[in-house]
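Trainee: return a 3D structure for these sequence lines:
(2 chains)
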Amino acid sequence: MSETLLQRAFYGVLGLVTLAALGWGAATAGPAGVAFALFAALTLGGGVMCIWERSVVRSAFALMATFCGIAGLFILLESDFLAMAQLLIYVGGILVLILFGVMLTPPDLGERSLPRIGLGAAFVGGGTLWIAAKVAASANWATDSAPGEPTGNEAFSTAERVGVGFLDANGYVVAFELAAVVLTVALVAAVYIARRKRADLVAEPESGTMGGSR
Amino acid sequence: MGLGAYVAVSAALFALGIICILVRRNVLYVLMGIEMILNAANINFVAFNRFGDNGLDGRMFAIFTIILAAAEAAVALAIVLNVFHLFNSVKPSEADLLRE
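Mentor: Numbering: from 1, shown residues only, chains lettered A, B, ... in the order given. The predicted structure follows:
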């Protein structure tokens, strides 16, 4: 099968599955079901595309769909602050870092192998399905049939609660400070690891086009 | 949508992350797979928080996961660049020396 035909078949199947998911959502829970199915399809479709695509750049952009879908799921779960943080940090930060990595390393278009993908998907998918069936058969979540109703004025704004929780002495202020220290240490370490060593700079001959003050 | 639907999406995303790490021979795909796995964990945290006591613990945990993922991505990218500089390859199987 030629590459373009394979690609078309893949996207056709992906679109059909998405449509089926939207129909299932509409049938089970109306508009809320459609929103959930849309975001879930965005999340999982992006993940599948990320594995499938031949080029790393396209995989990285497929991952953007995954992150945006997860932000939508967070909104459906009434966590507006987390949805915003997801967009800011994942789409705006981590994805840009991954794209930097893509563009600073050479493309490797020959490394996708369909038998390997099929084998991995069969094993991991089968294992996950087996565990999911076990869990679905045995788990008894008290809230599964009756979702927790939003309670009064706390209904759809977690941003204020999260901010108070961060700075309240009885809340998460220690973890907050610890996270600040971890971030500082990790970023300084990242700069230290990524910088070019002085020995490398001395060892390389000066290039004529780079002249001028340093 | 009940808790089960969110848990199912989370499990599927976790499986996709594992597959992504296993089947692609490129460090960048390993990074992307790790991000997918962390996000699957985040969906679980927030979903159980929302359908449980609707408090703040799970959401806070998700925020700290995001913070650690950002730190991890920065350090991992630095390591990837260094490995590429040293071994002239982005395949994890070829970076097998501890010295230069």
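Trainee: tell me how far the helix or strand of chain B with the lowest mean pLDDT is from the chain's mean position?
Mentor: When the helices and strands of chain B are compared on mean pLDDT, DSSP states H and E, helix B:57-87 comes out lowest with a mean of 89. Mean-position distance between helix B:57-87 and its chain equals 9 Å (CA atoms, centre = their mean, to the nearest Å).
Trainee: which positions in it come out as buried?
Mentor: For helix B:57-87, burial by neighbour count (16 or more other CB atoms under 10 Å in any protein chain shown) applies to B:58-64, B:66-67, B:69-84. Backbone N, C-alpha and C define where each C-beta goes, glycine included.
Trainee: give me the element the residue positioned nearest the centre of chain A is part of.
Mentor: For chain A, residue A:67 is the residue whose C-alpha lies nearest the centre (CA atoms, centre = their mean; 4.0 Å). Taking DSSP states H and E as the criterion, residue A:67 maps to helix A:56-76.
Trainee: which SSE is immediately downstream of the host helix or strand of residue A:127?
Mentor: According to DSSP H and E, residue A:127 maps onto helix A:114-138. For helix A:114-138, the following helix or strand on the C-terminal side (DSSP H and E) is helix A:159-167.
Trainee: got the angle between the helix or strand just after that next one and helix A:159-167?
Mentor: Note on helix A:159-167: by DSSP H and E, the next helix or strand toward the C-terminus is helix A:173-194. Angle, helix A:173-194 to helix A:159-167, by axes from the mean of the first three to the mean of the last three CA atoms, to 10 degrees: 80 degrees.
Trainee: do helix A:173-194 and chain B meet at all?
Mentor: Yes: applying CB under 8 Å from any CB of the partner chain, one finds that helix A:173-194 is in contact with chain B at A:175, A:179, A:182, A:183, A:186, A:187, A:189, A:190, A:191, A:193, A:194.
Trainee: does chain B sit close to the helix with the most length in chain A?
Mentor: Counting by DSSP state H, the longest helix found in chain A is helix A:3-52. Yes: remark: helix A:3-52 sits within contact range of chain B at A:25, A:29, A:32, A:33, A:36, A:40, A:43, A:44, A:47, A:48, A:50, A:51, by CB under 8 Å from any CB.
Trainee: now a ChimeraX select for only the buried ones of those residues.
Mentor: Restricted to buried positions by 16+ other CB under 10 Å, the ChimeraX selection for these reads:
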select /A:25,29,33,36,40,43,44,47,48,50,51
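Trainee: what packs against the least confident helix or strand of chain B?
Mentor: Where contact means 3 or more CB pairs under 8 Å, 6 or more residues apart in numbering or on different chains; DSSP states H and E, helix B:57-87 is packed against helix A:80-85, helix A:95-104, helix A:159-167, helix A:173-194, helix B:27-51.
Trainee: that one vs helix A:173-194, what angle?
Mentor: 10 degrees.
Trainee: relative to helix A:95-104, how tilted is helix B:57-87?
Mentor: 10 degrees.
Trainee: what angle do helix B:57-87 and helix A:56-76 make?
Mentor: Going by the same axes, to 10 degrees, helix B:57-87 makes 170 degrees with helix A:56-76.
Trainee: contact partners of the helix holding residue A:127?
Mentor: Helix A:114-138 has contacts (CB atoms under 8 Å, 6 or more residues apart in numbering or on different chains) with A:51, A:52, B:4, B:8, B:11, B:12, B:14, B:15, B:18, B:19, B:22, B:23.
Trainee: look at residue A:177 and report its pLDDT.
Mentor: Here, the pLDDT recorded for residue A:177 equals 90.
Trainee: neighbours of it, how many?
Mentor: Neighbour count of residue A:177, defined by other CB atoms under 10 Å in any protein chain shown: 11.
Trainee: shaky segments in chain A?
Mentor: Low-confidence segments of chain A, defined by pLDDT under 70: A:1, A:109-110, A:142-157, A:198-214.
Trainee: let's see 90
Mentor: Chain A contains residues with pLDDT under 90 at A:1-7, A:25-33, A:53-57, A:77-81, A:92-93, A:97-118, A:120, A:132-176, A:191-214.
Trainee: give me the buried entries from the contacts of helix A:114-138.
Mentor: A:51, A:52, B:4, B:11, B:12, B:14, B:15, B:18, B:19, B:22, B:23.
Trainee: which SSE is the third one in?
Mentor: Secondary-structure element containing residue B:4, defined by DSSP H and E: helix B:3-23.
Trainee: how far off centre is that helix?
Mentor: Distance of helix B:3-23 from the chain centroid (CA atoms, centre = their mean) equals 11 Å.
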